[in-house]
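# Starting from these lines, generate the structure:
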Amino acid sequence: MTTAILSALPEEQSSLVQHLSHPQRLMHAGRAFWLGDLQGRRVVLALSGIGKVAAATTATALVERFGVARIVFTGVAGGVGDGVQVGDVVVAQDYLQHDMDASPLFPRWEVPGYARSRLVCDVALSALLLEAASACVSSASGQFGLKSTLRSASESAPHRAHHGLIASGDRFVCAADEALRLRSALRDAGHDVLAVEMEGAAVAQVCHDYAIPFAAARTISDRADNTAHVDFPLFVTTVASRYAEHMVLAFLQKL
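Okay, the predicted model is just below:
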């Protein structure tokens, strides 16, 4: 049974490729896929691409072309929930598309044809990923030099792994007023969102359609506000890529 490891960032993928045993690179649908073994498990590594359509295409290829048994997704996100800080990790409990609006035909945020707005991630896989994420962030400051990288975070604040709702949309949310409006609107409708990004909900929908177990973890790189662009390349290199590497390896050990 092959596990797909979907990465949002090239830096995340490259660190995992280095750990592959018997690596093989294949091209399909204009994308590069890496096959091999990690922690004694058969895996295929892929980049999601940016945005929901690109991510859905990649996820579909993983199912149709490579016959994967499960998909695990890592990447970064903007934190919008209370207590979700830079350097934390959010493991998705479920996903919502914050830019889905087919009203008045359907309620806002409801995915037409699904009779729901939120798609649930696999409970068992998410529990394993949350364990791996919790272990990762508990040792993050010492291992990854987090204190020197996160200028906006309190050096004394412990980093946490959260479990809850993540919202995806084809827009990079990077203004404080936009993030506040989005969070308030969703919360008023009963959707207490913890983080926002651009791909996960599309992958969740594909996995729902194919009945493929799906889990996702997002490292918080910013607070989805006017500082969203600050030191992002440095964060990706020194924090996000190493988080992904450690979480995925630990997850595969637990699988």
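# Which parts of the stretch 151-255 of the chain are strands?
161-168, 193-197, 214-222 (DSSP state E, counting those that start in this stretch).
# what do you get for the stretch 1-150 of the chain?
Under DSSP E, counting those that start in this stretch, the stretch 1-150 of the chain gives strands at 3-7, 21-28, 31-38, 41-47, 70-79, 89-97, 118-120.
# Dump those into CSV; add mean neighbour count and mean pLDDT as well.
Every residue, glycine included, has its C-beta placed from N, CA and C. As requested, the strands of the stretch 1-150 of the chain are exported to CSV (neighbours: other CB atoms under 10 Å; pLDDT from 0 to 100):
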stretch, mean neighbour count, mean pLDDT
strand 3-7, 25, 97
strand 21-28, 11, 97
strand 31-38, 17, 97
strand 41-47, 20, 97
strand 70-79, 26, 95
strand 89-97, 25, 98
strand 118-120, 19, 98
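# among the ones you listed, which is nearest Ala201?
strand 89-97 (4.0 Å; CB to CB).
# Between strand 70-79 and that closest one, find me the angle.
90 degrees (axes from the mean of the first three to the mean of the last three CA atoms, to 10 degrees).
# In the lengthiest helix in the chain, which residues are buried?
Secondary structure of the chain per DSSP state H: the longest helix is helix 123-138. Neighbour counts using 16 or more other CB atoms under 10 Å place Leu125, Ser126, Leu128, Leu129, Leu130, Glu131, Ala132, Ala133, Ser134, Cys136, Val137 of helix 123-138 among the buried residues.
# Ok, stretch 182-194 next?
For stretch 182-194, by 16+ other CB under 10 Å, it's Leu182, Arg183, Leu186, His191, Val193, Leu194.
# Tell me the one of the residues you listed nearest Thr3?
Using CB to CB, the buried residues of stretch 182-194 come closest to Thr3 at Leu194, 24.9 Å.
# Quick check: the closest one touching Val84?
Yes: using CB atoms under 8 Å, Leu194 makes contact with Val84 at a distance of 5.2 Å.
# what touches both of these two?
Val90, His162 (CB atoms under 8 Å, 6 or more residues apart in numbering).
# could I get the buried residues of stretch 182-194 as CSV with distance to Gly200 and pLDDT?
Converted to CSV, the buried residues of stretch 182-194 look like this (distance: CB to CB, whole Å; pLDDT from 0 to 100):
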residue, distance to Gly200, pLDDT
Leu182, 16, 89
Arg183, 17, 90
Leu186, 15, 94
His191, 15, 96
Val193, 12, 96
Leu194, 12, 96
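# on that earlier part again, could I get the strands of the stretch 1-150 of the chain in JSON lines, plus columns for distance to Gly200?
As requested, the strands of the stretch 1-150 of the chain are exported to JSON lines (distance: least, CB to CB, whole Å):
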{"stretch": "strand 3-7", "distance to Gly200": "9"}
{"stretch": "strand 21-28", "distance to Gly200": "22"}
{"stretch": "strand 31-38", "distance to Gly200": "18"}
{"stretch": "strand 41-47", "distance to Gly200": "14"}
{"stretch": "strand 70-79", "distance to Gly200": "6"}
{"stretch": "strand 89-97", "distance to Gly200": "5"}
{"stretch": "strand 118-120", "distance to Gly200": "10"}
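# Nearest approach to Ala176 belongs to which of these?
So among the strands of the stretch 1-150 of the chain, strand 70-79 is nearest, using CB to CB, at 10.7 Å.
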